[in-house]
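1. Sequence and predicted model, in that order:
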Amino acid sequence: MAELKTYRGHIRNWKSLCEELGVSQDLSREERENAILVKAYEKWGVDVANHLVGMFAFAIEDGDRTVCVRDHFGTKPFYYYVTADGKLLYGTYIRDILGQEGCVKEFDKDMLQIYLNFTYIPGDHTMFKGIKKLLPGHTLTFQNGEVTISRYFKPEYHPESGKNLEDWANEISDTMKQIMTEVKTADETAYSFLSSGVDSSYVLAISDAVSAASIGYDDDSLGEVATYNGVHYNEADLAAVTAEKFGRKFSKKTVYADEYFNEIPFVMENMEMPLGDASAVTFSLGCRAAAEGTKLCYSGEGADEFFCGYNAYRNPVNFDKVRNKKYIGSTNIMHEDEKQRLLKYYNPEMQPFNMVEAIYDDNKDATEQEVMSMIDIINFLEGDIYLNVDKISTANNLEVRMPMTDIRMFDIASRMPIEYKIDEEQNKIALRTAAAKVLPEEIAFRKKLGFVVPVRFWLSKEPYASKIREKFTSATAEKFFHTEELEKILDEYIGGNSNLWLKTYVIYAFLVWYDIYFEA
């Protein structure tokens with residue numbers, strides 16, 4: 001008899017599945033979804049994921065067979081490890097595996113090289129040797145001591161002709177309206193994370209969220225850099241105007257430099273892998289603040305990757321990199337010669353292009369922008385964005401659901417010609433046109449700012465710079481780095497080269513993470 005052993009997620013098409021599988025809709029959410037997964041597996045076997053819509057990672061044991069499943073885009077994590085005596089260990093947290101008999105905790109130093117390029121770990125690796133990720137859109141079957149992994153979903157582009165901009169915008173609009181009826185039940189109350197951007201504003205506008213939650217910064221601590229290169233760091237001011245327009249309550253979490261720095265260890269511990277995305281720390285503080293008023297929040301992740309929302313997708317320099325198969329992602333922050341100077345151990349076989357080569361092979365007929373967005377869908381979303389959203393919201397007792405991350409939204413994007421996604425002047429063209437049906441044009445077509453974080457200025461100041469130097473010259477740093485090279489980066493950063501902030505932060509985040517997991 002099949003038994004659900006572990007599961008985290010939210011099934012959106014639960015009503016139709018209850019009818020098809022004979023599951024009572026009156027059950028609690030936990031009982032209902034557990035029953036759905038077991039009965040769906042009993043009906044469809046390893047093809048179960050093709051019948052599910054939503055966010056999910058789970059394992060079912062069926063006699064001597066274990067079947068593990070991860071959703072289409074990897075919104076929920078899943079890890080596995082095969083012991084020396086041939087047993088399968090698994091879980092939706094790495095700590096689920098580390099705590100089991102037979103797991104040998106060992107650092108994978110090859111992955112440090114990759115991390116220093118991407119600022120996260122792409123692909124099926126983790127920082128723990130032998131502990132692997134089940135990739136999005138894949139199932140794992142374990143039977144008779146053998147692991148078999150199969151792919152049930154591969155994101156691909158198949159552009160269609162015959163539709164105009166309004167047609168595509170209408171399809172997005174209709175689909176989003178349908179999704180919003182499924183992301184929660186009537187007895188649940190939700191907030192919605194809100195920045196100044198179109199994605200979160202669109203979700204708020206068409207949702208029943210009772211309040212908008214935003215994150216801002218202390219202008220006094222920012223001083224003269226409160227506005228940098230035309231970017232104002234307090235997007236919350238614009239978000240407040242949007243919330244008022246739609247009659248929603250509004251709450252703002254103001255983040256200060258001290259609490260940001262003090263939050264980094266909490267984030268690295270709960271992320272379970274080092275993550276060089278500085279916004280994750282701000283997100284953690286925002287989640288904790290939101291959790292004081294709700295246990296459920298909407299967020300707008302997925303739209304940028306599906307519909308070509310990043311400014312990097314319009315950069316001709318990146319086009320040349322794609323044509324020459326040198327583009328690995330917008331967060332490629334170190335060249336190989338720099339890593340060789342920094343690292344005491346360098347494996348020349350461990351090249352960052354290894355992590356994207358299959359994506360190029362699978363998208364030979366795609367445009368340059370589509371290749372870039374596919375790299376972000378497969379690597380960046382899974383390895384950074386969804387990891388952050390899942391691990392950090394959960395650690396702060398908050399559940400985040402992402403309406404735009406949906407197989408139906410990607411289906412639209414996969415069929416949409418590139419000219420309705422991006423051109424020289426605008427990105428996410430059709431999505432913005434759909435959003436403009438419910439948003440003022442100045443919001444729907446507002447220039448993308450990104451989730452800006454003023455850490456680039458904070459960490460070069462005292463007392464933070466001294467704390468970073470302490471890590472850069474520590475025994476842990478000596479294990480992996482030529483520390484005099486780390487100090488050169490730090491000194492130049494403190495000396496005024498703010499472009500080095502990300503390299504500084506990425507290395508610091510790794511050292512904090514390593515000490516928590518291997519030196520504590």
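-> Structure received. Residues are numbered from 1 along each chain as shown.

2. Go ahead and confirm N318 touches G329.
-> No. Under the criterion of C-beta atoms under 8 Å, N318 makes no contact with G329, lying 10.0 Å away. Where C-beta positions appear, they are placed from N, C-alpha and C, glycine not excepted.

3. Looking at these two, which is more packed in?
-> G329 (23 against 19; other C-beta atoms under 10 Å).

4. Confirm that P403 sits in a helix.
-> No. Per DSSP: H, G, I helix; E, B strand; the rest coil, P403 lies outside any helix segment and is coil.

5. so who does the closest residue in space to D108 that isn't next to it in sequence touch?
-> Closest residue in space to D108, ignoring its immediate chain neighbours: K129 at 4.2 Å, by C-beta to C-beta, 6 or more residues apart in numbering. Residues near K129 by C-beta atoms under 8 Å, 6 or more residues apart in numbering: E106, F107, D108.

6. Now render the residues you listed as JSON lines, adding neighbour count and distance to T92.
-> Formatted as JSON lines, the contacts of K129 follow (neighbours: other C-beta atoms under 10 Å; distance: C-beta to C-beta, whole Å):
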{"residue": "E106", "neighbour count": "12", "distance to T92": "21"}
{"residue": "F107", "neighbour count": "15", "distance to T92": "22"}
{"residue": "D108", "neighbour count": "15", "distance to T92": "20"}
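
7. for the residues you listed, which one is nearest W458?
-> W458 has its nearest neighbour among the contacts of K129 in F107, at 29.0 Å by C-beta to C-beta.

8. Grab the nearest non-local neighbour of the closest one.
-> Excluding its sequence neighbours, the residue lying closest to F107 (C-beta to C-beta, 6+ apart) is F518, at 6.1 Å.

9. Figure out how far stretch 392-401 is from the centre of its chain.
-> Chain-centre distance of stretch 392-401: 13 Å, with C-alpha atoms, centre = their mean, to the nearest Å.

10. Would you mind writing the CA trace of it as PDB?
-> The C-alpha trace of stretch 392-401 is given here as PDB (Å, rounded to 0.1, in the frame of the first residue of the first chain):
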ATOM      1  CA  ILE A 392      13.500  31.800   4.400                       C
ATOM      2  CA  SER A 393       9.800  32.200   4.500                       C
ATOM      3  CA  THR A 394       9.400  28.900   6.200                       C
ATOM      4  CA  ALA A 395      12.100  29.700   8.700                       C
ATOM      5  CA  ASN A 396      10.100  32.800   9.600                       C
ATOM      6  CA  ASN A 397       6.800  30.900  10.000                       C
ATOM      7  CA  LEU A 398       5.300  32.300   6.800                       C
ATOM      8  CA  GLU A 399       4.000  30.500   3.800                       C
ATOM      9  CA  VAL A 400       4.600  32.300   0.400                       C
ATOM     10  CA  ARG A 401       2.600  31.400  -2.700                       C
END
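
11. Okay, buried residues for that stretch please.
-> Within stretch 392-401, the residues that count as buried by 16 or more other C-beta atoms under 10 Å are I392, S393, T394, A395, N396, L398, E399, V400, R401.

12. Name the pair among the residues you listed with the greatest separation in space.
-> By the measure C-beta to C-beta, A395 and R401 form the most distant pair in the buried residues of stretch 392-401, at 16.6 Å.

13. Next up, phi/psi of T6, please.
-> When quoted as degrees, to the nearest 10, the phi and psi of T6 stand at phi -150, psi 150.

14. Give the bridge partners for the closest residue to it other than its chain neighbours, please.
-> Distance criterion C-beta to C-beta, 6+ apart; nearest residue to T6, sequence neighbours excluded, is A59 at 5.1 Å. Beta-bridge pairing for A59 (DSSP bridges): T6, C68.

15. pLDDT on the helix or strand in which Y80 is found, on average?
-> If you go by DSSP states H and E, Y80 is part of strand 79-82. If you average the pLDDT over strand 79-82, you get 98.

16. Report pLDDT for the most centrally placed residue in the chain.
-> Nearest to the mean C-alpha position of the chain, counting by C-alpha atoms, centre = their mean, stands I385 at 1.4 Å. As predicted, I385 sits at a pLDDT of 97.

17. hang on, isn't it packed against E301?
-> Yes. Using C-beta under 8 Å, I385 is in contact with E301, at 5.4 Å.

18. what number of residues lie near D47?
-> D47 has 13 neighbours, counted by other C-beta under 10 Å.

19. where does this protein have low pLDDT?
-> For the chain, applying pLDDT under 70 flags the ranges 219-233, 449-452.

20. coming back round to it: my guess is the residue nearest to F107 is in a helix, correct?
-> Yes. Assessed with three-state DSSP, F518 lies in a helix.

21. Please report the distance of it from E399.
-> 31 Å (C-beta to C-beta, to the nearest Å).

22. what do you get for S466?
-> From S466 to E399 the distance is 38 Å (C-beta to C-beta).

23. same question, T75
-> Separation of T75 from E399 (C-beta to C-beta): 12 Å.

24. same thing with K339?
-> Where E399 is concerned, K339 sits at a distance of 38 Å (C-beta to C-beta).

25. Quick one: residues contacting the closest residue to A312 other than its chain neighbours.
-> In this structure, A312 finds its nearest non-sequential neighbour in S330, 4.4 Å apart by C-beta to C-beta, 6+ apart. Contacts for S330 (C-beta under 8 Å, 6+ apart) come out as Y310, A312, N318, M372, D376, F380.

26. related to what we said a few turns ago, name the strands paired with the strand holding Y80 and say parallel or antiparallel.
-> Strand pairing for strand 79-82, determined by DSSP bridges: strand 88-91 (antiparallel), strand 132-133 (antiparallel).

27. Which among those strands is found nearest to A257?
-> strand 132-133 (33.5 Å).
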